[in-house]
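Asker: Sequence plus the predicted model coming up.
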Amino acid sequence: MLILEWIGFGVLALLVAIALLFLRRAFFARSGGIIRLSVRVTTILDGRGWSAGFARFVNDELRWYRMFSFSLRPKRVLSRNGLAVERRRLPEGQERLILPTDWIILRCTNNHAPVEIAMATATLTGFLSWLEAAPPGAVSARLALHD
């Protein structure tokens, strides 16, 4: 009987954790639109290191949150003032197995530090519009949009 109780507690804890992940995402979606966005967190191995998540545009920042995290703070913040797109490309090699087929990978620099982000083709237009819509007097982002 004791083993069944422990199994029951384990299943209950798992269900609560899954519910918290859904509630977290619903909280962010309610307070403003979110987009699906993956960020390459490590470049040690070619085609690996992608982390799924979602992002929100908040004024001059793109705030990225990991999909499977309980944190209410963004894991990475990209400032529009220091963000420039160097190039875009389609997923290659093992990236084709990780990322959806209609996604584009953007190689950017954020305050002179390289960062790779991946998003749906439909999301790309909105992202580039946000990036180009810097307020007057701000440093305009450099966009290189060749494949």
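Answerer: Looks like it arrived, so ask away.
Asker: my read: residue 77 touches residue 63, true?
Answerer: Yes. Contact status for residue 77 versus residue 63: in contact at 5.4 Å, counting by C-beta atoms under 8 Å. Where you see a C-beta, it was placed from the backbone N, CA and C, and this is true even at glycine.
Asker: More neighbours: these two, which one.
Answerer: residue 63 (19 against 13; other C-beta atoms under 10 Å).
Asker: excluding its backbone neighbours, what's nearest the more buried one?
Answerer: Nearest non-adjacent residue to residue 63, counting by C-beta to C-beta, 6 or more residues apart in numbering: residue 74, 3.8 Å away.
Asker: and that neighbour, how many neighbours?
Answerer: The number of residues packed around residue 74, counting by other C-beta under 10 Å, is 18.
Asker: just residue 42 next, same as before
Answerer: Other residues near residue 42 come to 9 when the count uses other C-beta under 10 Å.
Asker: returning to that earlier point: next, the contact list for the residue nearest to residue 63, please.
Answerer: Contact analysis of residue 74 by C-beta atoms under 8 Å, 6 or more residues apart in numbering lists 63, 64, 65.
Asker: ok, the last one touching residue 52?
Answerer: No. Taking contact to mean C-beta under 8 Å, the distance of 10.3 Å between residue 65 and residue 52 leaves them out of contact.
Asker: out of these two, which sits in the more crowded spot?
Answerer: Shown here are residue 65 and residue 52; by other C-beta under 10 Å, residue 65 has more neighbours (20 against 14).
Asker: What are the buried residues along stretch 105-121?
Answerer: Residues of stretch 105-121 classed as buried: 105, 106, 107, 108, 110, 115, 116, 117, 118, 119, 120 (neighbour count, 16 or more other C-beta atoms under 10 Å).
Asker: SS state for the residue nearest to residue 63?
Answerer: coil (DSSP: H, G, I helix; E, B strand; the rest coil).
Asker: quick one, phi psi at it?
Answerer: phi -70, psi 140 (degrees, to the nearest 10).
Asker: what about it, distance to residue 118?
Answerer: Going from residue 74 to residue 118 by C-beta to C-beta, to the nearest Å gives 17 Å.
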